[in-house]
Each structure stands twice: as C-alpha cells, then as structure tokens.
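In: Fold the following, please.
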Amino acid sequence: MKFKIKTLALGVLSTASTLVMAEENTTLSKLGLSFSGNAAVTTDYRFRGMTQTQSDPAVQGSFTLAHNSGLYFSAFASNVDFGVVGDPDPHLELDPSIGFTTPLNISENFKPTLDIGIVEYNYPSARDDYNWTEGYLKLTFADVFVKGSSLLTNVNYTDDWADVGGNSWNFNVGYSAPFGDTGFGGVANVGYTTMDKKALPDGKDDYVDWKVGVNYGFKSVSGLTAELAAIGTNIDTDGLPGAIKRGVETGAVFTLTKTF
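Out: I've put the predicted structure just below:
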C-alpha cells in the first residue's frame, strides 16, 4: 500500500497556491472550487497521544482545496523533533492527502458525512524510511445530542507504519459540542492503535490514547479559537527515560488556532 502520491501532491499544491493567489474567491466558486485553511501554535504536537516535538511547542498550518463534486486535496505542515541520535533527525513534517467526501442520506434525520482518502506522512529532512502512507475512512455526524455538536468516527490503515514498518490499524471516536451561546465548548476523543510489531516504548504492539478539553471561540476575532486539553496514552512508562515519559503520559496542551 506504499502509494506514491508525493509527486502528485506537490504538483497539486503548486497549482492550488497559484490559483488562490491569482484568482478571486468568486472565480474559484465559478470553477466549483473552495479554499480553506488554518494556522496554529501549540505547546506540544501530539499525534495519537504521543509527542512529535519532544514535548516542545510547534507551529502548524494546513489548507484544503475542495471541488463541489466532493473531491479535495489537503496539506498539513508542522515542525517535529523525534530526538533521533546518530541519524538525520526529522525537523519538518509535510502531509499531503487526497480524498472524497459525500453526505449519506440514510434517512431524513440520519445524514452522516462520509470521507475516504489517502494521506502520506513526509519528513523531507530525514531518510525515506520515515515516510509512510495511510488510508482512512471517516464518518461525521452533526448535531448529536446538542445542536452544533459533531461526532467523528474514523478507521485508518497502513501496511508500512512509520519508521518501523508492518501493518497498523487506528480506530478513533471524537466528540465536540458548544456550551450554549457562551463561546465555550468541550472536546473528547479516544483512539486505539494496534500493529503487528512490538515497537512501542513499553515493548507492546497496541495502545489507547485520549484527549479531553475545553475550547473558546473569540467573538472579537473571526475564526480564532483557543483550546486547553489533557492528552495522554496508556503506554507503560516504568523504567523509561524522562523525555519519553513526558511524551506519552497525560499532559496539558494549549493550542491557538486561526481559520481562514
């Protein structure tokens, strides 16, 4: 499943950037296209509960170019630090993805959104073995229990997990909901990752990660939100070095995001 979408992704990225810079939003709309993105700063980049920056801050950004047919292209970028010794240490993560999204009109009151696609995790400053590709399937349900809320479920699969290799599955459920009209909201997430190699810090081949937090949308600045969350895993840290412990144990993470 080693899909080689890097060349295609970079080509689409270049085309998307040119379009956005050269054309007004009205022109994009006439072509059936829409553009969105965000920029963020966070005190710790956690991916499925585990730090990607040695528990240090990260600056991140992403954008999506979507067609009204449901086809879209996205890209995510962040600084990273894996603490690699004796090997080129990745400093940048660049993840292009291509997917398709469509509403499923199962019934009048049950209309989840289906999202299927492929994402490639790229680390340009490191050796190619760090790069890996993953397929995903997501279902999003709107207004679950509370108006304005969102329930997300997803399944991800790769046959070449990170720098380790081998098959890996990730299952995830996330929920977010506003607290009335206060501007505050709550988020919760739980995931389960399993692989066919015992490559985790505690020598096991599966683990659970979680996230629980609150967020706030600033009314004075459109698209600006702040989030404070507790993020962690159930990885056994007995006997592990302090830096690894901090990176997988439950910790507070603050993130400031501006969408556009």
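
In: from here on, contacts and neighbour counts on C-alpha atoms
Out: Noted.

In: Pull the contacting residues for the residue nearest the centre of the chain.
Out: Geometric centre of the chain, nearest residue: Phe47, 7.4 Å, by Cα atoms, centre = their mean. Phe47 makes contact with no residue under the criterion Cα atoms under 8 Å, 6 or more residues apart in numbering.

In: Can you name the residues bridging to it?
Out: Beta-bridge partners recorded for Phe47 (DSSP bridges): Met50.

In: I'd like to know how far it sits from Ser149.
Out: Going from Phe47 to Ser149 by Cα to Cα, to the nearest Å gives 23 Å.

In: Any figure for the gap between Arg127 and Ala177?
Out: 41 Å.

In: of these two, who's got more company?
Out: Ala177 (22 against 14; other Cα atoms under 10 Å).

In: quick one, phi/psi of that one?
Out: The phi/psi pair for Ala177 (degrees, to the nearest 10) reads phi -150, psi 140.

In: what do you get for Leu152?
Out: According to degrees, to the nearest 10, Leu152 has phi -120, psi 130.

In: who's in contact with the closest residue to it other than its chain neighbours?
Out: Leaving aside its chain neighbours, Leu152 sits nearest to Thr140 (4.5 Å; criterion: Cα to Cα, 6 or more residues apart in numbering). Taking Cα under 8 Å, 6+ apart, we find Thr140 in contact with 112-114, 150-153.

In: Of those residues, which belong to strands?
Out: If you go by DSSP state E, those have 113-114, 150-153 in strands.

In: ok, these vs Tyr216, which is closest?
Out: Ser150 (15.8 Å; Cα to Cα).

In: Would you check that that closest one makes contact with Val173?
Out: No: using Cα atoms under 8 Å, Ser150 is not in contact with Val173; the gap is 10.7 Å.

In: next one: stretch 132-152 to chain centre, how far?
Out: Relative to its chain's centre, stretch 132-152 lies at 13 Å (Cα atoms, centre = their mean, to the nearest Å).
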